[in-house]
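A.B. asks: okay, sequence plus prediction incoming.
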Amino acid sequence: MTAQAAPREPRQDRSRATRARLLEAAVDCLASVGWAGTTVTVVAERAGVSRGAAQHHFRTREELVTAAVEYGTEVRLERMRARLDELAGRRPDTLEVVTLLGEMYSSPLFKAALQLWVAASSDEQLRARVVPLEARFGREAHRLTVDALGADESLPGVRETVQATLDLVRGLGLADLLTDDSARRTRLLRQWARTLDTALARQDT
């Protein structure tokens, strides 16, 4: 009696797996070698697929990279939601929230997004794809931050204070692009958490 052959992976599942590998490899390339080094060929090699298979999913580098950053954006948001879910049952203190934001805006995923922003600043077609994506991410990050802080945006200045928090951590993420800025970031976020508590009229528990 001959052994039964193992069932073959459905074509649709293989296609999804290939697409996922390409997106992960593109994010990794953007973060490590930048826009100029992120070509379809390099991404395909890093993902372990042929160039033809890569172009089956993404016809151009712009399509591949934009999809990769969209994928990376969703991963960043999911990680933020997951971290906040871990704190379910109690409201995280302000330092926990700003530290989480600092980690999110200094991750390889954020560095990959930065590379795309720079490229989009001088490429109109790419910018047209990136701007709506970043606007959606900005709205969701703002909403999650408001929820995490328990901030009341009906009060004057609160919305602007939350947005200033996001602008701060984004700037700290930029500062981390060339050198390890983690020690300075930790000090600044600790001080900002105190400032934010005062601005939001919250007391540490």
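C.D. replies: All right, it came through fine.
A.B. asks: right, and the helix or strand after the helix-or-strand element of the chain with minimal mean pLDDT?
C.D. replies: Sorted by mean pLDDT, DSSP states H and E, the helices and strands of the chain end with helix 61-85, the least confident at a mean of 83. Downstream of helix 61-85, the first helix or strand assigned by DSSP states H and E is helix 94-104.
A.B. asks: that next one to helix 61-85, inter-axis angle?
C.D. replies: Note on geometry: by axes from the mean of the first three to the mean of the last three C-alpha atoms, to 10 degrees, helix 94-104 and helix 61-85 are set 160 degrees apart in direction.
A.B. asks: mind listing what Arg185 touches?
C.D. replies: Counting by C-beta atoms under 8 Å, 6 or more residues apart in numbering, Arg185 makes contact with Gly102, Ser106, Leu172, Ala175, Asp176. All C-beta atoms are positioned from the backbone trio N, CA, C, and that covers glycine.
A.B. asks: and it, what pLDDT?
C.D. replies: Looking at Arg185, its pLDDT stands at 94.
A.B. asks: from Leu196, how far off is Asp93?
C.D. replies: 10 Å (C-beta to C-beta, to the nearest Å).
A.B. asks: and for Asp180?
C.D. replies: In terms of C-beta to C-beta, Asp180 sits 25 Å off from Leu196.
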